[in-house]
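*Asks:* Okay, predicted coordinates and the sequence, questions at the end:
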Amino acid sequence: IASHVDRESFGIIGHLGFIPEGLRLDALELSGRVSADEARAILAPRGQRSRDLPLVTFSDAHYPEDVGKRWTTFLLDDVRVEEIRSALVGGEGRSYFLAE
């Protein structure tokens, strides 16, 4: 999961300007600064691939008061990476949603 894709600093798009076609990513993580709709508008000019990847968000807190401000809920059968990947693509009854 590439983090902070909507931010110029520390994000893949801020550094490269795009998401390389051959790069294996399961999702794109948003900072707490934008909604999913705003992020999609930012990512749209970056190419088809960025529009196709699922979006997630986490608190990424640097200060105690920021803990839990943003999160993604995953509906899984078990806590495993494979289950998270399945939820990101909506496979086998798994799913996820952003808390915005």
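*Replies:* Good, I have the coordinates.
*Asks:* end-to-end on stretch 20-34?
*Replies:* 23 Å (C-alpha to C-alpha, to the nearest Å).
*Asks:* Give me the distance between it and the centre of its chain.
*Replies:* 5 Å (C-alpha atoms, centre = their mean, to the nearest Å).
*Asks:* Could I get the buried residue list for it?
*Replies:* For stretch 20-34, a neighbour-count test (16 or more other C-beta atoms under 10 Å) marks 25, 27, 28, 29, 30, 31, 34 as buried. The C-beta positions use only the backbone N, C-alpha and C, and glycine is treated the same way.
*Asks:* got a list of contacts for that stretch?
*Replies:* 1-7, 11, 19, 36, 39, 42-43, 49-50, 53-60, 66, 69-70, 84-85, 88 (C-beta atoms under 8 Å, 6 or more residues apart in numbering).
*Asks:* and that stretch, average pLDDT?
*Replies:* The average pLDDT within stretch 20-34 is 84.
*Asks:* what secondary structure does the closest residue to residue 28 other than its chain neighbours sit in?
*Replies:* Once flanking residues are discounted, residue 28 sits nearest to residue 5: 4.5 Å by C-beta to C-beta, 6 or more residues apart in numbering. Here residue 5 is recorded as coil under DSSP: H, G, I helix; E, B strand; the rest coil.
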